[in-house]
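Novice: give me the fold of what follows.
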Amino acid sequence: MNPTLQTVNPDGTAVIQTTESLTPDQVATNIAALYAEIDRADVAPTPAQDQALVTVEKDFTATIKRWDALRASEIPSLNRQLKSAGIPELTADSNMRIEEELRGDEE
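Specialist: Residues are numbered from 1 along each chain as shown. Prediction:
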């Protein structure tokens, strides 16, 4: 199991949880909470916050890899089944702008 950031306490210590995988919303919440905590002070991040940054970066990378795999194989497979059943296909384009911003692909 991978350690993941749960929250950062006001004293700068990170509370880490262990989980197999996080949802994109959980990763985004963890990132937002960590950066909000770091932004509250006019000093460099604490060692615990630095470690939490490493953790959320790993969580983000793993989550994007899972999403890319889902979008590349599982969604097309499901869409073939939906199409053959006469049901509208799923599309994953609605959040592409947000995904590109998170990856740093802004124009």
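Novice: strands of this structure, start to end?
Specialist: For the chain, strands defined by DSSP state E occupy the ranges 2-8, 14-19.
Novice: list the buried residues in the longest helix anywhere in the chain.
Specialist: In the chain, assigned by DSSP state H, the helix with the most residues is helix 47-69. Within helix 47-69, the residues that qualify as buried are 48-49, 52-53, 55-56, 59-60, 63, counting by 16 or more other Cβ atoms under 10 Å. For every residue, glycine as well, the C-beta is placed using N, CA and C.
Novice: put the alpha carbons of it into CSV.
Specialist: The C-alpha trace of helix 47-69 is given here as CSV (Å, rounded to 0.1, in the frame of the first residue of the first chain):
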residue,chain,number,x,y,z
PRO,A,47,10.3,19.2,6.2
ALA,A,48,6.9,17.5,6.7
GLN,A,49,5.3,19.7,4.1
ASP,A,50,8.2,19.0,1.7
GLN,A,51,7.7,15.2,2.2
ALA,A,52,3.9,15.7,1.7
LEU,A,53,4.7,17.5,-1.6
VAL,A,54,6.6,14.4,-2.7
THR,A,55,3.7,12.2,-1.7
VAL,A,56,1.0,14.2,-3.4
GLU,A,57,3.2,14.4,-6.6
LYS,A,58,3.4,10.6,-6.6
ASP,A,59,-0.3,10.2,-5.9
PHE,A,60,-1.1,12.6,-8.8
THR,A,61,1.2,10.8,-11.2
ALA,A,62,-0.3,7.4,-10.2
THR,A,63,-3.8,8.7,-10.6
ILE,A,64,-3.2,10.2,-14.0
LYS,A,65,-1.6,6.9,-15.1
ARG,A,66,-4.7,5.0,-14.0
TRP,A,67,-7.0,7.6,-15.7
ASP,A,68,-5.0,7.3,-18.9
ALA,A,69,-5.2,3.5,-18.8
